[in-house]
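1. here is a sequence together with a model predicted from it:
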Amino acid sequence: MSLIRSMNSSVAGRMDKGFFLFEASSNVSVISEIEEEFGKTNYGKVKFSENEMYWRGYLYRYWGYTYGKTSKQVYRIIKPTELRTLFFPYHSLDCSATIERILEAKEQDEEGFIEKGVAILRRLINQRKIS
C-alpha cells in the first residue's frame, strides 16, 4: 500500500475531520476501502517493514490530531522517505518529542511561525515607509 494513496484517500479525509473516531473499522476494511478507491497496486521500489508503516501512520495521525493539521499538510512537512531515516533514532520517543525534533530540524517551530511572520511584516512595512 502506498502511503501517498492512503494520505489522499477518503479515509484520511474522514480521519482529518474526526468522523473516523466514531467508526468501527478494522485494518482490513480500511485497506480494502483504499484499494476500492484507487485500485490494488504492487508498485514501488522501496518497501517498508510493518513496524515502520505502523509508526509512520501513527505519527502522521497523532501530528494531525494534536496540531490541527490535515493529512496533506503533515505530508508536505515530512515525506515518508524522510521519516524512514528517522525511524530507528525516533521510534522509541514519545510522538510529541518526535514532532518537536522534526519541526526544529526543519526550522518550522509552530510557535516561531507567528514571531517570524510578524518580523517579516514589520520589515515590509518599514521598507514601504522608507521608499
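-> Yep, it's here.
2. could you point out the longest helix in this structure?
-> helix 110-130 (DSSP state H).
3. what part of the chain, helix or strand, is modelled with the least confidence?
-> helix 3-7 (a mean of 66; mean pLDDT, DSSP states H and E).
4. tell me where the chain has helices.
-> In the chain, helices defined by DSSP H lie at 3-7, 10-17, 27-38, 50-67, 71-77, 80-90, 95-105, 110-130, listed in chain order.
5. can I get those helices in CSV including mean neighbour count?
-> C-beta here means a position set from N, CA and C on the backbone, and glycine is covered the same way. Shown next, in CSV, are these (neighbours: other C-beta atoms under 10 Å):
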stretch, mean neighbour count
helix 3-7, 18
helix 10-17, 17
helix 27-38, 14
helix 50-67, 16
helix 71-77, 16
helix 80-90, 14
helix 95-105, 15
helix 110-130, 10
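6. least reliable of these by average pLDDT, please.
-> Here those differ in mean pLDDT, and the lowest is helix 3-7 at a mean of 66.
7. distance of the residue nearest to the spatial centre of the chain from residue 93?
-> Centre of the chain computed as the mean C-alpha position; nearest residue by C-alpha atoms, centre = their mean is residue 74, 2.9 Å away. Here the criterion is C-beta to C-beta, to the nearest Å. By it, residue 74 lies 17 Å from residue 93.
8. now do residue 77
-> From residue 77 to residue 93 the distance is 17 Å (C-beta to C-beta).
9. check residue 18 too.
-> Using C-beta to C-beta, one gets 25 Å for the distance from residue 18 to residue 93.
10. likewise for residue 75?
-> For residue 75, the distance to residue 93 - C-beta to C-beta - is 20 Å.
11. follow-up on the earlier one: the residue nearest to the centre of the chain: what's it in contact with?
-> Residue 74 makes contacts with 60, 63-64, 67, as judged by C-beta atoms under 8 Å, 6 or more residues apart in numbering.
12. with residue 63 instead?
-> Residues near residue 63 by C-beta under 8 Å, 6+ apart: 69, 74, 95, 99.
13. show me the protein divided up by domain.
-> In the domain annotation for the chain, the residue ranges read 1-44, 49-131 (automatic domain parsing).
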